[in-house]
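Peer 1: A predicted structure for the sequence below; I have some questions about it.
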Amino acid sequence: MEILIRDTPQEVAAQAATIIAGYVREGSTLGLSTGSTPLATYRELIRRHREEGLSFAQAQMFLLDEYIGLPYDHPQSYHATIRREFTAHIDVHDEHVHSPAGMAEDLIRATADYERDIEAAGGVDLQLLGVGTNGHIGFNEPGSSLNSLTRIKTLHPQTVADNSRFFDSPEQVPHQVITQGLGTIQRARHLLLLATGQRKAEAVQRLVEGPLAAACPASILQWHRHATVLVDAEAASLLHDAPYYRYVEEHKPSWQRY
Ligand code: F6R
């Protein structure tokens, strides 16, 4: 696991965009996350598309999760959110932007179909992740099976409270979701987790330096062959070994890619 610490959220976004752009140029399959954290990264990728000709025409994209019961055109569905915030502004083919079918009549089947779709695309090369204040990734809440596949989950009240800022009232936040499982996420070849701000500091400390445990689903990054944790100084503020992580990056061989 590589820990990269940047002074500001803007520097996190610039570094994340550089890592993602490397995969985009290779025509890779990307796993996308929604929420506030990746927005600055998406803005930077849109800028590179417009000003530097970065093309997403060969890319396939898979979202991590979706609320159950929100129509695709509901502004807070992740299907609509990713288009509004990112993919409508680049040259990816819209039919190559996949998300779990949260409105399917047969939800169980929809979860299996999603696993199959990811596999049929050859798997995810780079999976972008955020982390919840309670350590969730995707919508795998504490207690999630470490090898779980795409399935239906019930949100933790803390997540409902955190996400209510996107809705007019907390009552409107759906309590059930379809999410890629921790096993699904671990099949991606490279995991890139972003976290910014003081409110993520405790989750970052637990996922990097705590035990590998279902109580902190993001700790599965410790088990992955190629995981990068990219955080700003506030999110890194509780890391005990931050000077070492900075030292490692300062001494990174020039031939070693991020
Ligand atoms: C969203 C997702 C979630 C978020 C997490 C952090 O697709 O999978 O795990 O990444 O809840 O959300 P923000 O970035 O809004 O703090």
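Peer 2: Yes, it's here.
Peer 1: All the strands of this structure, in order from the start?
Peer 2: 2-6, 29-32, 60-63, 65-67, 97-98, 126-129, 151-154, 176-179, 190-195, 227-232 (DSSP state E).
Peer 1: The ligand: which of those is closest?
Peer 2: strand 65-67 (5.0 Å; CB to the nearest ligand atom). C-betas here are computed from N, CA, C, even on glycine.
Peer 1: Mind listing the strands the closest one pairs with, and their directions?
Peer 2: strand 176-179 (antiparallel) (DSSP bridges).
Peer 1: and the strand it pairs with, how far out from the chain's middle?
Peer 2: Distance of strand 176-179 from its chain centroid, counting by CA atoms, centre = their mean, to the nearest Å, is 15 Å.
Peer 1: Okay, buried residues for that strand please.
Peer 2: V177, I178, T179 (16 or more other CB atoms under 10 Å).
Peer 1: So the last one is in contact with N140, correct?
Peer 2: Yes: in terms of CB atoms under 8 Å, T179 counts as a neighbour of N140; the distance is 6.0 Å.
Peer 1: For R225, see how far away the closest residue to H175 other than its chain neighbours is.
Peer 2: Closest residue to H175 apart from its sequence neighbours, by CB to CB, 6 or more residues apart in numbering: L155 at 5.4 Å. With distances taken as CB to CB, to the nearest Å, L155 is found 30 Å from R225.
Peer 1: interface residues of the stretch 51-200 of the chain facing the ligand?
Peer 2: L64, D65, G130, V131, G132, H136, I137, G138, F139 (CB under 6 Å from any ligand atom).
Peer 1: Including neighbour count, could those go into a markdown table?
Peer 2: Output for these, formatted as a markdown table (neighbours: other CB atoms under 10 Å):
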| residue | neighbour count |
| --- | --- |
| L64 | 28 |
| D65 | 22 |
| G130 | 21 |
| V131 | 26 |
| G132 | 24 |
| H136 | 26 |
| I137 | 29 |
| G138 | 28 |
| F139 | 25 |
